[in-house]
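Chemist: Mind folding the following:
(one chain, ligands or ions: 1)
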Amino acid sequence: MADLEKIGEVVSTDVLIIGGGVGGLAAAIRAKEEYPDIDVLMVEKQTIGWAGKATKIGGVLAFLASGGDADKFIDFQVRNAGFYINDQDSLEKYVGSTYRALEHLSEWGATIAKTPEGKFVAIENSFAPGYSMTFIDIDMMQPMSKRAKTLGVKMQNKIHIIELLQKNDKVNGAVGFDIVDGRFFIFKAKATIIANGSCGYKVRRFWSAGTGDGIAAAYRAGAEMRNAEYGNLYGHVVMRNLDGGMAGNMFLVNAQGENLAQKYMPDMGPAGIFLPVKLGVGLETEVAEGRGPIYFQPPTGGPGRPGGGGGFGQSLPKIGKWNQLIQGKAEKYGPQPPSREIAVPLHGELSCIRVDADMKTTLEGLWAIGDTSYAGSAVAGAVASPPGVTPGSGIMFAVISGEWGGIDAARYAATTSESDVDTAEVALKKEGVFAPMNTDSKYSPWEAISSLQDVVAPMKYSLRRSKERLEEALSKVASVKERLPELHAKDTHYLSKCHEVISMTACAEMTFTSALAREESRGFHYREDHPEQDNKNWLKWVILKQDGDRMNVSTESIPIEKYSVKPS
Ligand SMILES: Cc1cc2nc3c(=O)[nH]c(=O)nc-3n(C[C@H](O)[C@H](O)[C@H](O)COP(=O)(O)OP(=O)(O)OC[C@H]3O[C@@H](n4cnc5c(N)ncnc54)[C@H](O)[C@@H]3O)c2cc1C
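Modeler: Numbers count the residues shown, from 1 in each chain. Model prediction:
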């Protein structure tokens, strides 16, 4: 221990939660509620209560209302969104937990839309048959953070976690540094929960908290990844130069005024407000063939136009306005210009850490929850997740998986002996953490981020895939990777950015490698050279695992025979 303290500040806990978003807070609260005697410590790169994605908008919550039909929803989800690669056992467990999650959020002080009688607002069959939707206010994190503190959860802010610690085939905590003053921290833990979000490559501002740090750290520690090919989300179409103001897919037209939803997707299907693959590929074709730019042009009297009922086409209304809309007090928003040019930004949602139904990873002592493992849990199936194809599942999955993982990790910590770390390993990791502060190079992390975005963002690599283009993308990622040792950090803030781009580069390699392996099209994975869904050969999960310097790719058959929903 004495030697360890010379390397950095040592903090010991029973359960370490990396990431203070809504998932991390739910895990901490449920762990303490069930096991009050264990120590729970949360570490967060930003500030708990303000950090994470749920603070960006709050939003919609999808749930199974009491009396709702779980079988109907699962059947719909597996056939239309998961395309049979869901883990149907975990999906069933998840669906059955949604109503209770709303009750938890409400008990913890979050504002959820309620009827005058005090029941949760439930807009039935909104995005999926059998499922309901309600709304949650943006400030849920403040009361949750207060609740966690009241229960005795400890919190440390401005800590950027870089690596996990391992000894005797068990994860025993993590190391990181204080972004403000550069102190190096060694967190020893009996159980560690990764709760630090997905990878969105910083392409869109609201999603920029997700830089895949936890995914990359788990991968480097030897954890398996699953469904990494599903990290390629082009969310909703936005107004050009605004990155806001959602445009409804059904009102997109080319420069000649031709409606593109009708042209490419007469049956828009379940993708709702998110960009369906066929339409995305169609938009790219229109521009490539000289019929761009693409405009949002709702019909007179349609949503967002004078005389229309509000809706997409302007920035999202606040929850109070949603409530008014729900209760039949719909307001008319200001007139919109007749047509506005749109853009289609990638917001990416790589969430591929493989977990079981208790959110346990394939490594002893390590759990992964929320946006780190939504796709890896196989709850959502063949779609980037969140949101899956049911908007309103991001917060819900974070809260529910936080509960599962938090309680399981606490139970484990309560029965496990002291964690042990290897001093030599810690010293080596410290050297790696601060390496970018010791280079003479001028290579800035922003330059590296920009080079990486040039590979992950274009549709020709991320959405419209082929063997040739995926190999090209991988070789571009390799070029970014080759220059990572040159990264220079002029201060600890830049050091944080350096580690973010290191994580994001690993994530990009995972997505493209996995996409190259899946030689078929399924859900949001579209291969131009294998355009059909191949249920004969590809009812499989693609699994990635580090093997020395190599990324080992394997496949695993989905146990479809034991599931209730099967391809017809
Ligand atoms: C604009 C927007 C709209 C959305 N709308 C909806 C909606 O309507 N309904 C819905 O259900 N979901 C919605 N979502 C998704 C939802 O908010 C997320 O799925 C959910 O908040 C994820 O929670 P999380 O705790 O798993 O991850 P996050 O909220 O991403 O939290 C992860 C935390 O980890 C921290 N962190 C990252 N790296 C490190 C590190 N190395 N060390 C320490 N800390 C680190 C981050 O700062 C962050 O605070 C939306 C998201 C956005 C951005």
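
Chemist: Give me the three-state assignment for the residue in the stretch 151-300 of the chain positioned nearest to the ligand.
Modeler: As assessed by Cβ to the nearest ligand atom, the ligand sits closest to residue 197 within the stretch 151-300 of the chain, at 2.9 Å. For glycine as for every other residue, the C-beta is placed from the backbone atoms N, C-alpha and C. State at residue 197, reduced to three classes by DSSP: H, G, I helix; E, B strand; the rest coil: coil.

Chemist: Wait, it touches residue 210, no?
Modeler: Yes - Residue 197 is within contact range of residue 210, at 4.2 Å (criterion: Cβ atoms under 8 Å).

Chemist: shared neighbours, those two?
Modeler: 53, 371 (Cβ atoms under 8 Å, 6 or more residues apart in numbering).

Chemist: residue contacts, residue 461?
Modeler: By Cβ under 8 Å, 6+ apart, the neighbours of residue 461 are 455, 469-470, 472-473, 512.

Chemist: ah, wrong one, I meant residue 101
Modeler: 63, 396, 399-400, 403.

Chemist: Give me the spatial nearest neighbour of residue 199, chain neighbours excluded.
Modeler: residue 212 (2.9 Å; Cβ to Cβ, 6 or more residues apart in numbering).

Chemist: Pretty sure that neighbour sits against residue 198.
Modeler: Yes - under the criterion of Cβ under 8 Å, residue 212 makes contact with residue 198 at 6.9 Å.

Chemist: what is in contact with these two at once?
Modeler: residue 350.

Chemist: All the strands of the stretch 301-450 of the chain, in order from the start?
Modeler: With strands called from DSSP state E, counting those that start in this stretch, the stretch 301-450 of the chain shows them at 340-343, 366-368.

Chemist: most tightly surrounded among these?
Modeler: strand 366-368 (a mean of 31; mean count of other Cβ atoms under 10 Å).

Chemist: close enough to count as contact, residue 144 and residue 111?
Modeler: No - applying Cβ under 8 Å as the test, residue 144 and residue 111 come out as separate, 11.7 Å apart.

Chemist: and the residue of the stretch 151-300 of the chain closest to the ligand, how many residues sit next to it?
Modeler: Counted with other Cβ atoms under 10 Å, the neighbours of residue 197 add up to 30.

Chemist: And it, how far from residue 430?
Modeler: Distance, residue 197 to residue 430, by Cβ to Cβ, to the nearest Å: 24 Å.

Chemist: Quick check: pLDDT value at the nearest residue to residue 237 once chain neighbours are set aside.
Modeler: Using Cβ to Cβ, 6+ apart and skipping residues adjacent in sequence, the residue nearest residue 237 is residue 247, 4.5 Å away. Note on residue 247: pLDDT of 71.

Chemist: Go ahead and confirm residue 247 touches residue 240.
Modeler: No - Residue 247 is not in contact with residue 240 according to Cβ under 8 Å; the separation is 9.8 Å.

Chemist: Spell out which residues are contacts of both of these two.
Modeler: 340, 342.

Chemist: And those two? Which one has more around it.
Modeler: Using other Cβ under 10 Å as the criterion, residue 247 and residue 240 rank with residue 247 on top: 27 against 17.

Chemist: so how far is the ligand from the closest residue to residue 133 other than its chain neighbours?
Modeler: Of all residues beyond its chain neighbours, the one nearest residue 133 is residue 126 (4.0 Å), with distances taken as Cβ to Cβ, 6+ apart. Residue 126 sits 12 Å away from the ligand, going by Cβ to the nearest ligand atom, to the nearest Å.

Chemist: Give me the phi and psi for residue 126.
Modeler: With angles defined as degrees, to the nearest 10, residue 126 shows backbone torsions of phi -70, psi -60.

Chemist: hang on, it packs against residue 62?
Modeler: Yes - with contact defined as Cβ under 8 Å, residue 126 reaches residue 62; the gap is 7.4 Å.

Chemist: These two - which one has more neighbours?
Modeler: Counted by other Cβ under 10 Å, residue 126 and residue 62 do not tie: residue 62 has more neighbours, with 25 against 17.

Chemist: Can you tell me which helices and strands the host helix or strand of that one packs against?
Modeler: Assigning secondary structure by DSSP states H and E places residue 62 in strand 59-63. Here strand 59-63 touches helix 88-107, strand 132-136, helix 394-414, going by 3 or more Cβ pairs under 8 Å, 6 or more residues apart in numbering; DSSP states H and E.

Chemist: where do the strands sit along the stretch 451-568 of the chain?
Modeler: 464-465, 526-527, 540-547, 550-557.

Chemist: For the stretch 201-350 of the chain, what lies in contact range of the ligand?
Modeler: 206-207, 209-210, 213 (Cβ under 6 Å from any ligand atom).

Chemist: Mark which of these are buried, thanks.
Modeler: 207, 209-210, 213 (16 or more other Cβ atoms under 10 Å).

Chemist: Identify, from those residues, the entry nearest to residue 159.
Modeler: Ranked by distance to residue 159 (Cβ to Cβ), those are led by residue 213 at 11.5 Å.
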